[in-house]
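*Asks:* Got a predicted model here, sequence first, then my questions.
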Number of protein chains: 2
Amino acid sequence: MLWGLRPVEPQAAHGLAVDLLRRQIHAGLLLPAERLPAERQLSDKFGISRVTLREALRVLETHQYITVRRGAQGGAFVTDEDRLTQLARRRMSRAPAAAMRVVEFLTVNQLAAARLAAARRGTADLKRLRQATDMMHSALNAPQRKQAEALFLLALGDASQNPLLARAIEDGLAELFLPFEGNLPDGSAVDALKSFENLLRALEREDASASEVAMAELHVLLWAAIRRMTRNAA
Amino acid sequence: MLWGLRPVEPQAAHGLAVDLLRRQIHAGLLLPAERLPAERQLSDKFGISRVTLREALRVLETHQYITVRRGAQGGAFVTDEDRLTQLARRRMSRAPAAAMRVVEFLTVNQLAAARLAAARRGTADLKRLRQATDMMHSALNAPQRKQAEALFLLALGDASQNPLLARAIEDGLAELFLPFEGNLPDGSAVDALKSFENLLRALEREDASASEVAMAELHVLLWAAIRRMTRNAA
DNA sequence: TTTCATGGTCTAAGAAATAGACCAATTGAA
DNA sequence: TTCAATTGGTCTATTTCTTAGACCATGAAA
């Protein structure tokens, strides 16, 4: 029985590059106003020609994810924080239900990853997790916090030693595109940091159930944030 | 911070067609010895030219997923059951750990789908689920049982109304490629059928916790099967 | 034997991507 | 002010992938 025969959608090389960069911006790995490598370097890393990379940059520019300046010290820069927040809010308000579904998916898979990582994490995994936690401490603003949290969760996925879980978390984070929360309600950033630290410690001592508890705490905060945002968006 | 800069991998159109068909064979949706539509029809459904489709068929033929015969009543046929079982076993024995990871991933996401589907399934979803259950009853052999189970689980994913969960289940099933179990140990096929029916009934009466229980029963059987196969493979 | 649905082959054309050279703008150091 | 270096912008020739369509070869069934 042939099932769900839909037209195949060949992704052009420049389209893949667009996705790759857009996902990193959504996940918060690329900071606002951050400068990307020069075209010649980027095309080299992606394994595509410069012409093709430039097509990708043009698309991202059109969608206002980046701006491009030329001359020495020029290059492609991620859009500024305000604009990114605006893009994120627009996306959230266009399909608030979709955002809830993504969080649902992340909840399930991150919880599983936390449980498994407690038993399987290696020392290299712990190192990445600690570095991410340190970044949360030294973060000066919302984008830096978001970046550190994304790095932590990606490291958690890898620490589970399950490539499909890791991929699921990566996809979920890339799909989410949460706006930076300028003014958090009553120190929820502090709560989140505490829970991340609890999770880190649980992973260090291979305590699976404590890991799940800490992860669940984080999800409570995430759900609260999502509810707040979808309410504001509506 | 630019993260994980790997070369982009543009998928050629024929490569996508290969994946699509291979996934359906892995998941058991395409039965052994089943005949695919004629090239002109298939290329039309995929939205690619006949030449490109033929490239895909050539790849699948090389990997022994299909055989191609010409003349009237000819066409592309899925390989016979023995050969498919052999391919599945080879894959399983090459990376038994990978198969366990896939099952891990499916366990998590199917459980979540079962819980959510209990609250969200529509009548169309129930219809698909019942049809799949009926197919299990009338199945005459292992491939038909596997096909019906795959259809049930895909329907479950859709019934959860969460596209990411549905996609995760689809990916997991396509990745798994379990060999057909010719001789099951002491009627575990009967146990599985019973659990599927319990799940269906729980979904019908919107009982989330009963759905989870039934799903968990199925996972116990799946884990037992996986353990048996990886042991045999080793 | 004939029919005809089906795979097999060929050609001409177009679309996408590549490598590499060269131009244009901008900055900062001399 | 001038110049060198860096970076984006543009152009060309070439290769690879894909397409549309025509026509040939095979083989089962009428």
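*Replies:* Cool, the structure landed.

*Asks:* ok, and the closest non-adjacent residue to the spatially most central residue of chain A?
*Replies:* By C-alpha atoms, centre = their mean, chain A has its centre lying nearest to residue A:27, at 2.2 Å. Nearest residue to residue A:27, sequence neighbours excluded (C-beta to C-beta, 6 or more residues apart in numbering or on different chains): residue A:173, at 4.3 Å. C-betas here are computed from N, CA, C, even on glycine.

*Asks:* State the helix or strand in which that neighbour lies.
*Replies:* helix A:163-176 (DSSP states H and E).

*Asks:* tell me how far the helix or strand just after that helix is from the chain's mean position?
*Replies:* Using DSSP H and E, the next helix or strand after helix A:163-176 towards the C-terminus is helix A:188-204. Taking C-alpha atoms, centre = their mean, to the nearest Å, one finds the center of helix A:188-204 at 18 Å from the center of the full chain.

*Asks:* now swap in stretch A:29-40 and tell me
*Replies:* That offset, for stretch A:29-40, works out to 16 Å (C-alpha atoms, centre = their mean).

*Asks:* List the buried residues of that stretch.
*Replies:* A:29-32, A:34, A:36, A:39 (16 or more other C-beta atoms under 10 Å in any protein chain shown).

*Asks:* Arrange those in CSV, one row each, with distance to residue B:123 as further columns.
*Replies:* Listed next are these as CSV, based on distance: C-beta to C-beta, whole Å:
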residue, distance to residue B:123
A:29, 43
A:30, 45
A:31, 48
A:32, 47
A:34, 50
A:36, 50
A:39, 54
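
*Asks:* ok so, going back, point out the other helices and strands that the helix holding residue A:173 packs with.
*Replies:* When contacts are defined as 3 or more C-beta pairs under 8 Å, 6 or more residues apart in numbering or on different chains; DSSP states H and E, helix A:163-176 sits against helix A:13-27, helix A:96-120, helix A:142-159, helix B:96-120, helix B:163-176.

*Asks:* contacts for the shortest one?
*Replies:* Contact partners of helix B:163-176, identified using C-beta atoms under 8 Å, 6 or more residues apart in numbering or on different chains, comprise A:101-102, A:104-105, A:108-109, A:164, A:168, A:171-172, A:175, B:22-24, B:26-28, B:99, B:102-103, B:105-106, B:109-110, B:112-113, B:116, B:150, B:153-154, B:156-158, B:160.

*Asks:* send the alpha carbons of that helix over as PDB?
*Replies:* Presented in PDB, the C-alpha positions along helix B:163-176 are these (Å, rounded to 0.1, in the frame of the first residue of the first chain):
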ATOM      1  CA  PRO B 163       2.400  17.600  13.700                       C
ATOM      2  CA  LEU B 164       5.800  17.300  15.400                       C
ATOM      3  CA  LEU B 165       4.700  14.200  17.300                       C
ATOM      4  CA  ALA B 166       3.200  12.700  14.200                       C
ATOM      5  CA  ARG B 167       6.400  13.400  12.300                       C
ATOM      6  CA  ALA B 168       8.500  11.900  15.100                       C
ATOM      7  CA  ILE B 169       6.400   8.600  15.000                       C
ATOM      8  CA  GLU B 170       6.700   8.600  11.200                       C
ATOM      9  CA  ASP B 171      10.400   9.000  11.300                       C
ATOM     10  CA  GLY B 172      10.800   6.400  14.000                       C
ATOM     11  CA  LEU B 173       8.800   3.800  12.200                       C
ATOM     12  CA  ALA B 174      10.700   4.500   9.000                       C
ATOM     13  CA  GLU B 175      14.000   4.300  10.800                       C
ATOM     14  CA  LEU B 176      13.300   1.000  12.600                       C
END
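
*Asks:* Now do the buried residues in it.
*Replies:* In helix B:163-176, counting by 16+ other C-beta under 10 Å, buried: B:164-166, B:168-176.

*Asks:* Poorly predicted segments of chain A, please.
*Replies:* Applying pLDDT under 70 to chain A flags the ranges A:182-186, A:232-234.

*Asks:* Can you name the residues of chain A sitting close to DNA strand C?
*Replies:* Counting by C-beta under 7 Å from any atom of the strand, the positions of chain A adjacent to DNA strand C are A:12-15, A:47-52, A:55, A:69-74.

*Asks:* swap the cut-off to 6 Å and go again
*Replies:* A:12-14, A:48-49, A:51-52, A:70-73 (C-beta under 6 Å from any atom of the strand).

*Asks:* from those residues, which would you call buried?
*Replies:* Buried among the residues of chain A next to DNA strand C (16+ other C-beta under 10 Å): A:13-14, A:48, A:52.

*Asks:* Distance check, residue A:45 against DNA strand C.
*Replies:* 12 Å (C-beta to the nearest atom of the strand, to the nearest Å).

*Asks:* repeat for residue A:229
*Replies:* From residue A:229 to DNA strand C the distance is 35 Å (C-beta to the nearest atom of the strand).

*Asks:* I'd assumed residue A:178 was in contact with that residue.
*Replies:* Yes: Residue A:229 is in contact with residue A:178 according to C-beta atoms under 8 Å; the separation is 7.2 Å.

*Asks:* okay, these two: which has more neighbours?
*Replies:* residue A:178 (24 against 19; other C-beta atoms under 10 Å in any protein chain shown).

*Asks:* I'd like to check the angle between the host helix or strand of residue A:214 and helix A:142-159, please.
*Replies:* When elements are assigned from DSSP H and E, residue A:214 belongs to helix A:208-233. On the basis of axes from the mean of the first three to the mean of the last three C-alpha atoms, to 10 degrees, helix A:208-233 is oriented at 140 degrees to helix A:142-159.

*Asks:* For helix A:208-233, buried residues please.
*Replies:* Result for helix A:208-233 [16+ other C-beta under 10 Å]: buried residues A:210-212, A:214-215, A:217-219, A:222, A:225-226, A:229-230, A:233.

*Asks:* show me the contacts for residue A:68.
*Replies:* Per C-beta under 8 Å, 6+ apart, neighbours of residue A:68: A:57, A:61, A:74-77.

*Asks:* so can I have TSV of the buried ones among the residues of chain A next to DNA strand C showing distance to residue A:3?
*Replies:* What follows is those, written out as TSV (distance: C-beta to C-beta, whole Å):
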residue	distance to residue A:3
A:13	29
A:14	31
A:48	33
A:52	34
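
*Asks:* For those residues, work out which two are farthest apart.
*Replies:* A:14 and A:48 (7.4 Å; C-beta to C-beta).

*Asks:* Assign the residue in chain A positioned nearest to DNA strand C to helix, strand or coil.
*Replies:* When distances are taken as C-beta to the nearest atom of the strand, chain A reaches nearest to DNA strand C at residue A:71, 2.2 Å away. Three-state call for residue A:71 (DSSP: H, G, I helix; E, B strand; the rest coil): coil.
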